[in-house]
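Asks: just need the structure, nothing else, for what follows:
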Amino acid sequence: MTELIETERLYVEELQSIMEGYFAELNNSELSHLMPPSLENKRDVLFGNLPEIYEFHNKTFLMELENCAEKPELVGTCFLKRKEELQVYEKYCQNKPRSEIIWRQCGDSLFFQECQKKLDHKLSLDAYLLKPVQRITKYQLMLKEMLKCSNGEGMAELEEALATMLDIIKSVNDSMHQIAITGFE
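Replies: Okay, the predicted model is just below:
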């Protein structure tokens, strides 16, 4: 449970740094001269629905997980209750190939170098834009670990939460394959 909460806090901090250090900086007039032309009007493509993901984790999910710290048997219920909100990852992952195209076009620009330097990030933005994809898959691993350690109370909810997360991952993968096959947005 501790690992789940600590990694969730770190995840929210990383999302916040992306939102403040890159996303918001795209509207900073002092940096506009550094912005690559290929990025103009493409912020929503580059970041996808990351603001929505950040809001959900920062305002809702992190607090709910923290409330389970003393009662780990409730964590399954926490995931089940937020099943719909966790679907935001599907949209994010569907957009990822388009985001990567924009990144390849302008990732080495002075704008992004400046943002990275200001944030003192060791990794470039593209590594941080991969975090949501990694996080959604990490939940199922953590839930599996928690199932191994649990005995009785809350176990049915944990199993259902794991099945839910696996369904979400499958749904994301299926939609990614569908996009690759049909070329649909």
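
Asks: tell me the contacts of Leu166?
Replies: Gln140 (Cβ atoms under 8 Å, 6 or more residues apart in numbering). All C-beta atoms are positioned from the backbone trio N, CA, C, and that covers glycine.

Asks: quick one: buried residues of the longest helix along the chain?
Replies: Looking across the chain with DSSP state H, the single longest helix is helix 155-182. Under the neighbour-count criterion of 16 or more other Cβ atoms under 10 Å, helix 155-182 has Glu157, Leu158, Glu160, Ala161, Leu162, Thr164, Met165, Ile168, Ile169, Val172, Met176, Ile179 buried.

Asks: state the pair within those residues that is farthest apart.
Replies: Farthest pair in these (Cβ to Cβ) is Glu157 and Ile179. Separation: 32.6 Å.

Asks: which SS state does the most far-flung residue of the chain relative to its centre fall under?
Replies: What lies farthest from the middle of the chain is Gly152; by Cα atoms, centre = their mean that is 31.1 Å. Following DSSP: H, G, I helix; E, B strand; the rest coil, the label given to Gly152 is coil.

Asks: any weak-confidence spans in this structure?
Replies: For the chain, the stretches flagged by pLDDT under 70 are 182-185.

Asks: the helices in it, which residues?
Replies: Under DSSP H, the chain gives helices at 2-18, 43-47, 50-56, 62-66, 75-81, 83-86, 88-106, 110-119, 125-129, 131-149, 155-182.

Asks: for the buried residues of helix 155-182, give me a markdown table that also has distance to Ala69.
Replies: As requested, those are exported to a markdown table (distance: Cβ to Cβ, whole Å):
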| residue | distance to Ala69 |
| --- | --- |
| Glu157 | 16 |
| Leu158 | 16 |
| Glu160 | 21 |
| Ala161 | 17 |
| Leu162 | 20 |
| Thr164 | 21 |
| Met165 | 20 |
| Ile168 | 24 |
| Ile169 | 25 |
| Val172 | 28 |
| Met176 | 34 |
| Ile179 | 38 |
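
Asks: before we move on, the earlier item: tell me the angle the longest helix of the chain makes with helix 88-106.
Replies: If you take axes from the mean of the first three to the mean of the last three Cα atoms, to 10 degrees, helix 155-182 sits at 40 degrees to helix 88-106.

Asks: circling back to that earlier point, tell me how far the residue farthest from the centre of the chain lies from Met165.
Replies: According to Cβ to Cβ, to the nearest Å, Gly152 stands 21 Å off from Met165.
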